[in-house]
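Trainee: pasting the sequence and the predicted model now:
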Amino acid sequence: MTKLAERLQAVAGEKGIALSIIKNNEIFPYINEAGEMQIKTIFPVSKPEFVIFWDKDIALAEYLEKLGLRLFNRSVAIAVCDDKAKMHIALAEKGIAMPKTIVAPLTFYEQDLSEDYLREAEKQLGFPMIIKEVCGSFGMQVYQVNDRQELVQKISELTNKNFILQEMIKSSYGKDIRVNIIGDQVIGAMLRENLSDFRANITLGGKATPIQLNDEQKKLALQAHHILGLDFSGVDLLFSEDASPILCEVNSNVNFLSFEVATGIDFAGQLIDYVISEMKCRD
């Protein structure tokens with residue numbers, strides 16, 4: 001994420017905005033003996049007017065908001081997006097089209113799912129099946145299992161990690177659409193295709209090309225973005241058998257660099273403009 005932060009910093013500088021890049025291990029919430037909330041940093045930093053929070057440290061995000069800082073994105077939006085179970089529950093409440101999903105039970109040591117549980121999961125989702133750790137990035141914590149033996153093996157490897165089970169959308173194998181949104185506007189989209197993996201992520205070998213969204217795709221992406229209360233996002237859409245869009249997931253900490261390369265669209269510049277506009281409205 002260093003290159004991403006540096007890109008934002010450079011663009012902001014061109015617009016007269018001085019952005020400081022601070023890692024979450026260079027800043028820490030400090031509560032003194034009187035119960036007063038303060039911020040300490042490893043090196044001197046002026047109090048910011050706003051924070052573009054490109055991290056998933058929810059506790060830190062909430063702490064900064066308690067001190068009155070405006071975060072882009074807000075802590076509650078990041079928290080929901082960073083937990084795939086909570087994200088799917090929030091979107092399902094509003095009737096968003098998604099793959100069939102089972103939220104696995106919470107465990108503290110290791111998974112111990114009964115034969116009846118596994119049988120019902122197989123009945124509802126079939127094979128191949130997708131397992132997703134609820135916290136993960138770049139497709140790294142997403143797995144395909146092809147039968148009961150692989151399902152049991154992978155679940156046992158996850159020990160106490162929370163996960164969801166999903167049906168595989170075979171018509172979208174190795175391909176999806178990444179829709180980048182800022183505020184109320186779709187900034188652009190790219191088709192991601194991977195010929196050697198069921199996951200289309202660029203980091204896993206996927207190739208990106210610009211794509212024009214149809215009205216249905218645009219509507220679904222914006223609905224998900226607004227439901228989760230995001231300032232900016234990367235919404236991933238899958239292709240159903242009839243080509244209608246299905247929501248895969250929504251990313252609050254979107255890596256926009258590959259999007260800028262693929263489309264030539266200045267995501268960083270438009271995000272900084274949005275932040276400036278929002279802060280003026282706040283004043």
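Mentor: Yes, it's here.

Trainee: where does the chain dip in pLDDT?
Mentor: For the chain, the stretches flagged by pLDDT under 70 are 1, 138-139, 283.

Trainee: hey, where'd the helices end up in it?
Mentor: With DSSP state H as the criterion, the chain has helices at 2-14, 58-66, 75-81, 84-92, 115-125, 148-157, 215-227, 257-263, 267-282.

Trainee: now the first one, how far from the centre of its chain.
Mentor: Between the mean C-alpha point of helix 2-14 and the mean C-alpha point of its chain there is a distance of 20 Å (C-alpha atoms, centre = their mean, to the nearest Å).

Trainee: ranking the helices of the chain by burial, who's on top?
Mentor: helix 75-81 (a mean of 21; mean count of other C-beta atoms under 10 Å). In this view, the C-beta of every residue, glycine as well, is placed from N, C-alpha and C.

Trainee: got the contact list for that one?
Mentor: 53, 56, 58, 61-62, 64-65, 86-87, 90, 228-231, 233, 249-253 (C-beta atoms under 8 Å, 6 or more residues apart in numbering).

Trainee: dead centre of this protein: give me the residue that sits there.
Mentor: Asn251 (1.9 Å; C-alpha atoms, centre = their mean).

Trainee: kindly provide the distance from it to Asn73.
Mentor: 10 Å (C-beta to C-beta, to the nearest Å).

Trainee: same thing with Asp55?
Mentor: From Asp55 over to Asn73 (counting by C-beta to C-beta), the distance is 10 Å.

Trainee: and these two? which has more neighbours close in?
Mentor: Asn73 (22 against 17; other C-beta atoms under 10 Å).

Trainee: please look at the more buried one and Asp231 and confirm they touch.
Mentor: Yes: using C-beta atoms under 8 Å, Asn73 is in contact with Asp231, at 5.0 Å.

Trainee: so what touches stretch 56-66?
Mentor: Outside stretch 56-66, the residues touching it (C-beta under 8 Å, 6+ apart) are 24, 27, 29, 37, 39, 51, 53, 55, 71, 74-75, 78-79, 82, 135, 253.

Trainee: restricted to buried residues, select those in PyMOL.
Mentor: Of those, the buried ones go into a single PyMOL selection, burial set by 16 or more other C-beta atoms under 10 Å:
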select buried, resi 27+39+51+53+55+71+74+75+78+79+82+253
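
Trainee: just the ones in strands from the contacts of stretch 56-66, please.
Mentor: Ile27, Pro29, Met37, Ile39, Val51, Leu71 (DSSP state E).

Trainee: the residue nearest to the first one when sequence neighbours are not counted: neighbour count?
Mentor: Distances taken as C-beta to C-beta, 6 or more residues apart in numbering place Thr41 nearest to Ile27, at 4.9 Å, with adjacent residues excluded. Thr41: 12 surrounding residues under other C-beta under 10 Å.

Trainee: pretty sure Thr41 contacts Glu26?
Mentor: Yes: the pair Thr41 / Glu26 is scored as a contact, 6.2 Å apart, by C-beta under 8 Å.

Trainee: so what's Lys207 bridging to?
Mentor: Beta-bridge pairing of Lys207 under DSSP bridges involves Glu193.

Trainee: dump the residue contacts of it.
Mentor: Applying C-beta under 8 Å, 6+ apart, the residues near Lys207 are Arg192, Glu193, Asn194.

Trainee: report the buried members of these.
Mentor: Arg192, Asn194.

Trainee: before we move on, the earlier item: could the helices of the chain go into TSV alongside distance to Gly205?
Mentor: Shown next, in TSV, are the helices of the chain (distance: least, C-beta to C-beta, whole Å):
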stretch	distance to Gly205
helix 2-14	19
helix 58-66	30
helix 75-81	24
helix 84-92	22
helix 115-125	26
helix 148-157	21
helix 215-227	24
helix 257-263	12
helix 267-282	22
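
Trainee: nearest residue to the residue nearest to the centre of the chain in space, please, no chain neighbours.
Mentor: Using C-beta to C-beta, 6+ apart, the closest residue to Asn251 is Gly234 (4.2 Å).

Trainee: and that neighbour, how far from Ile31?
Mentor: From Gly234 to Ile31 the distance is 34 Å (C-beta to C-beta).

Trainee: more neighbours: which of those two?
Mentor: Gly234 (24 against 10).

Trainee: domain ranges for the protein?
Mentor: Split into domains by automatic domain parsing, the chain comes to 2-78, 100-168, 171-277.

Trainee: beta partners for Ile181?
Mentor: Val186, Ser233.

Trainee: can I get stretch 77-88 in CSV, CA atoms only?
Mentor: Written as CSV, here are the backbone C-alpha positions of stretch 77-88 (Å, rounded to 0.1, in the frame of the first residue of the first chain):
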residue,chain,number,x,y,z
ALA,A,77,-18.1,1.2,6.9
ILE,A,78,-14.6,-0.3,7.0
ALA,A,79,-15.7,-2.7,9.8
VAL,A,80,-18.6,-4.1,7.9
CYS,A,81,-16.6,-4.5,4.6
ASP,A,82,-13.7,-6.1,6.4
ASP,A,83,-16.0,-8.9,7.8
LYS,A,84,-17.4,-10.8,4.8
ALA,A,85,-20.1,-12.4,7.0
LYS,A,86,-21.3,-9.0,8.3
MET,A,87,-21.1,-7.5,4.9
HIS,A,88,-23.3,-10.2,3.3
